[in-house]
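Novice: What shape does this take:
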Amino acid sequence: MAVFFDVDPKKLLNYLLSTATPEAAGKSRFFHGAGFTAEAWQALQAALLAHPLRAALEYEDPSSPYGRKLIFRCTLPGAPNGRAYCVRSVWQLRGGVYWFLTAYPQSDR
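Specialist: Sure thing, here's the model as predicted:
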């Protein structure tokens, strides 16, 4: 059975790449520092879509009332500045597709 992942562009523009809210400021600084920008949000979308294919599955939570969650760790490919980053990404199953929920930097240890 094929597994599909998707990222809503609004999640990137209004959250991970936004500096408009204090809640998003730390993540926004991290992703901007990696070279991702709101003007070229598709680069972050592509990196996040590749993350579950290259990173280790750290945890699977089938008990979430909102849908099964998968959490992947490390190896975020495609950073525009060329550096390698370790991030944790969280995905939730809805309608047969794992939708991106959030991502945040991690130590690579």
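
Novice: biggest helix in this structure by residues?
Specialist: With residue count as the measure and DSSP state H as the assignment, the chain has helix 41-54 as its longest helix.

Novice: Could you identify the helix or strand that succeeds it?
Specialist: Proceeding C-terminally, helix 41-54 gives way to strand 56-61 as the next helix or strand, assigned by DSSP states H and E.

Novice: What lies in contact with the helix or strand hosting residue 70?
Specialist: Here residue 70, judged by DSSP H and E, is contained in strand 69-73. Outside of strand 69-73, the residues that reach it under the criterion CB atoms under 8 Å, 6 or more residues apart in numbering are 51-52, 55-61, 86-93, 98, 101, 106. Yep, even glycine has a C-beta here, placed from its N, CA and C like the rest.

Novice: could you give the angle of it to helix 41-54?
Specialist: Here strand 69-73 runs at 90 degrees with respect to helix 41-54, directions being taken by axes from the mean of the first three to the mean of the last three CA atoms, to 10 degrees.

Novice: With just CA atoms, put strand 69-73 into CSV.
Specialist: This file holds the C-alpha atoms of strand 69-73, laid out as CSV (Å, rounded to 0.1, in the frame of the first residue of the first chain):
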residue,chain,number,x,y,z
LYS,A,69,0.6,10.4,13.8
LEU,A,70,4.1,9.7,12.4
ILE,A,71,7.2,11.5,13.8
PHE,A,72,10.4,11.6,11.7
ARG,A,73,13.8,12.8,12.9
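
Novice: As a check, name the ranges of all helices in this structure.
Specialist: For the chain, the helices defined by DSSP H occupy 9-11, 22-33, 41-54.

Novice: Please identify the deepest-packed of the ones you listed.
Specialist: Between the helices of the chain, helix 41-54 has the highest mean count of neighbours, a mean of 18, where neighbours are mean count of other CB atoms under 10 Å.

Novice: got a pLDDT number for residue 1?
Specialist: Per-residue confidence (pLDDT) for residue 1: 66.

Novice: actually residue 33, not the one I wrote
Specialist: Each residue has a pLDDT score; the one for residue 33 is 95.

Novice: What distance do you get for the residue nearest to it when sequence neighbours are not counted to residue 12?
Specialist: Nearest in space to residue 33, with sequence neighbours left out and distances taken as CB to CB, 6 or more residues apart in numbering, is residue 81 at 7.8 Å. To residue 12, residue 81 is 17 Å away according to CB to CB, to the nearest Å.
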